[in-house]
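In: Provide a 3D model corresponding to the input given below.
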Amino acid sequence: MISLADLQRRIDANELSPEKALAQSVAAIDAQETALRAFVCRDDAPRAQTSGPLRGIAVGIKDIIDTADFPTEMGSRIYRGNRPRVDAPIVMLLKRAGATIIGKTETTAFAANDPTPTLNPHNHGHTPGGSSSGSAAAVGAGMIPLALGTQTAGSVIRPASYCGAAAIKPSFHLLPKVGVKCFSWTLDTVGLFAAGVEDLARALAAITGRTELLPGAIAAPKIGVVTQDFAGAPDAAGAEALRIAGRAAERAGASLSELKMPDVIAEAWRIHYVVQEFEAHQAFAWEYLENYEAMPPLLRGRLDASKGITAAEYDAARAVMVQARAALAEAFREVDVLLTLSAPGAAPKGLTSTGDPRYNRLWTLTGNPCVNVPAFTAEGGLPVGVQVIGAYGDDARALAAARFLEAALAR
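Out: Predicted coordinates for the structure are as follows:
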């Protein structure tokens with residue numbers, strides 16, 4: 001993979017020009033894109049900016065995020081040829097930091113679960129995950145050093161795990177989502193993919209201007225292991241990834257304890273569906289009512305099946321969400337971070353499904369920062385990650401602990 005941190009260090013030391021750094025990504029895309037199909041469209045002759053911390057950094061933008069220089073088609077024929085007049089604020093923040101937007105990456109239609117043409121870079125017979133499939137595959141294949149995705153259930157962390165990339169779903173509201181096609185305004189979160197945790201930290205700091213997010217160290221973190229029994233048992237590869245990660249962290253000096261979550265946490269996991277689908281009916285009102293036959297079939301089926309959710313059920317679900325956020329905040333009084341599964345296991349075989357987000361839903365609902373760290377390689381060369389979860393608003397600690405774990409696994 002292409003390390004953003006390495007490129008930054010070499011550019012800052014005048015060992016590499018921004019133009020040559022950008023050319024690395026162009027060459028990598030040229031070499032692999034025909035096979036992987038990670039991009040919807042791209043700039044074949046991009047120009048590097050000469051200032052800013054992200055100068056020379058090629059960035060892929062998930063194609064539900066508005067861009068003035070490229071169409072935003074959202075993976076749907078309903079929006080074919082749609083050309084926004086302005087960039088989404090998150091895109092402008094990247095440009096302000098010096099990044100070069102190299103193209104739009106494949107997304108499942110409307111960031112739901114109808115698969116894309118993108119292949120898993122580690123095994124073409126397995127899914128790259130969704131809905132941020134193109135972004136995860138492009139980074140995991142070493143095409144680009146940075147990409148944007150979004151997560152409403154598990155659409156950043158899960159494909160990162162499947163494609164072997166580091167990724168962060170930041171605290172809710174840390175990154176702006178204006179100009180991003182809405183699925184659920186309570187849950188939608190913009191996230192980042194990169195080669196490693198340091199790359200994520202540097203990128204997030206550059207985008208937000210928050211220097212506290214720059215790569216930090218944490219010695220002997222207190223880690224609470226959460227198995228999420230309420231979400232069902234993982235595959236063997238998922239369980240092995242969690243075991244390996246925990247053992248590596250302990251050997252490096254961390255203290256681990258298994259945390260039992262209060263009952264409201266399991267209930268919050270259950271009602272994620274209610275919040276997501278109730279809001280989706282409003283977010284997709286025009287598409288569903290005016291373009292029903294053109295809707296992607298799996299999303300259309302979801303909306304058909306969830307029409308009966310009532311406002312009272314939605315209000316009750318949101319009340320549970322508030323209680324769960326408070327209960328989870330209490331849990332962080334005992335530990336620095338949580339450690340749990342990023343996905344049930346390795347990427348499933350076949351391209352008709354994007355995988356299962358059941359180990360991601362809770363943390364999207366509670367808004368906590370989540371960092372995927374690759375931990376294990378399963379049969380078929382398929383990566384499997386684990387996620388490090390921080391207290392709400394403490395993205396710096398989540399990144400520092402994830403970097404600690406990454407280093408421990410490398411040893």
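
In: For Asp356, which non-adjacent residue is spatially closest?
Out: Pro344 (5.5 Å; Cβ to Cβ, 6 or more residues apart in numbering). Where you see a C-beta, it was placed from the backbone N, CA and C, and this is true even at glycine.

In: And for that neighbour, the neighbour number?
Out: For Pro344, the count of nearby residues is 23 (other Cβ atoms under 10 Å).

In: was I right about Phe278 contacting Tyr314?
Out: Yes. Using Cβ atoms under 8 Å, Phe278 makes contact with Tyr314 at a distance of 4.2 Å.

In: Which of the two has more residues huddled nearby?
Out: Higher neighbour count among Phe278 and Tyr314: Phe278, with 21 against 18, using other Cβ under 10 Å.

In: measure that one to Phe183 for me?
Out: To Phe183, Phe278 is 12 Å away according to Cβ to Cβ, to the nearest Å.

In: Likewise for Gly140?
Out: 24 Å.

In: Give me the more crowded residue out of the two.
Out: Counted by other Cβ under 10 Å, Gly140 and Phe183 do not tie: Gly140 has more neighbours, with 30 against 24.

In: sorry, back to before: in contact with the residue nearest to Asp356, which residues?
Out: By Cβ atoms under 8 Å, 6 or more residues apart in numbering, Pro344 lies in contact with Gly232, Pro234, Asp235, Gly238, Gly355, Asp356, Arg358, Tyr359.

In: Apart from its neighbours in sequence, what residue is nearest the fourth one?
Out: Counting by Cβ to Cβ, 6+ apart, Gly238 lies nearest to Gly345, which is 4.0 Å off, once chain neighbours are set aside.

In: So that neighbour is in contact with Val384, correct?
Out: Yes. Counting by Cβ under 8 Å, Gly345 does reach Val384; the two are 6.3 Å apart.

In: check contacts around the residue most central in space within the chain.
Out: Nearest residue to the geometric centre of the chain (Cα atoms, centre = their mean): Val156, 1.9 Å. Counting by Cβ under 8 Å, 6+ apart, Val156 makes contact with Ser132, Gly149, Thr150, Ala167, Ile168, Lys169, Thr189, Gly191, Leu192, Phe193, Cys370, Asn372.

In: same thing but at 7 Å, please
Out: Neighbour list for Val156: Ser132, Gly149, Thr150, Ala167, Lys169, Gly191 [criterion: Cβ atoms under 7 Å, 6 or more residues apart in numbering].

In: and which of these is nearest Ala97?
Out: Minimum distance to Ala97 across those is 16.6 Å, recorded for Gly191 (Cβ to Cβ).

In: and the closest one, what are its bridge partners?
Out: Applying DSSP bridges to Gly191 gives these bridge partners: Gly149.

In: who are the neighbours in contact with it?
Out: Neighbour list for Gly191: Gly149, Thr150, Gln151, Val156, Ala167, Ile168, Lys169, Pro170 [criterion: Cβ under 7 Å, 6+ apart].

In: what's the farthest-apart pair in those residues?
Out: Taking Cβ to Cβ as the measure, those span a maximum distance of 12.4 Å, between Thr150 and Ile168.

In: Give me the more crowded residue out of the two.
Out: Taking neighbours as other Cβ under 10 Å, Thr150 and Ile168 compare with Ile168 leading, 34 against 27.

In: Spell out the secondary structure type for that one.
Out: strand (DSSP: H, G, I helix; E, B strand; the rest coil).

In: Kindly check the end-to-end length of stretch 211-218 for me.
Out: With Cα to Cα, to the nearest Å as the measure, stretch 211-218 spans 16 Å from end to end.

In: That stretch: which residues count as buried?
Out: Buried residues in stretch 211-218, defined by neighbour count with 16 or more other Cβ atoms under 10 Å: Leu213, Pro215, Ile218.

In: and what of stretch 120-137?
Out: For stretch 120-137, by 16+ other Cβ under 10 Å, it's 120-123, 126-137.

In: Now find how far off-centre that stretch is within its chain.
Out: Taking the mean of its C-alpha atoms, stretch 120-137 sits 12 Å from the chain's own mean (Cα atoms, centre = their mean, to the nearest Å).

In: Would you mind writing the CA trace of that stretch as CSV?
Out: Taking C-alpha atoms only, stretch 120-137 is exported to CSV below (Å, rounded to 0.1, in the frame of the first residue of the first chain):
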residue,chain,number,x,y,z
ASN,A,120,-11.5,-7.6,-3.5
PRO,A,121,-7.8,-6.8,-4.2
HIS,A,122,-6.6,-9.8,-2.2
ASN,A,123,-8.9,-12.4,-3.8
HIS,A,124,-11.0,-11.5,-6.8
GLY,A,125,-13.5,-14.2,-6.0
HIS,A,126,-14.6,-12.6,-2.7
THR,A,127,-16.5,-9.3,-2.0
PRO,A,128,-14.6,-6.1,-1.1
GLY,A,129,-17.5,-5.3,1.2
GLY,A,130,-19.8,-2.3,1.0
SER,A,131,-21.0,0.2,0.7
SER,A,132,-17.6,2.0,0.4
SER,A,133,-16.2,-0.8,-1.8
GLY,A,134,-14.2,1.3,-4.2
SER,A,135,-12.5,3.3,-1.6
ALA,A,136,-11.5,0.3,0.5
ALA,A,137,-10.3,-1.6,-2.6
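
In: Quick one: mean pLDDT for it?
Out: Averaging pLDDT along stretch 120-137 yields 98.
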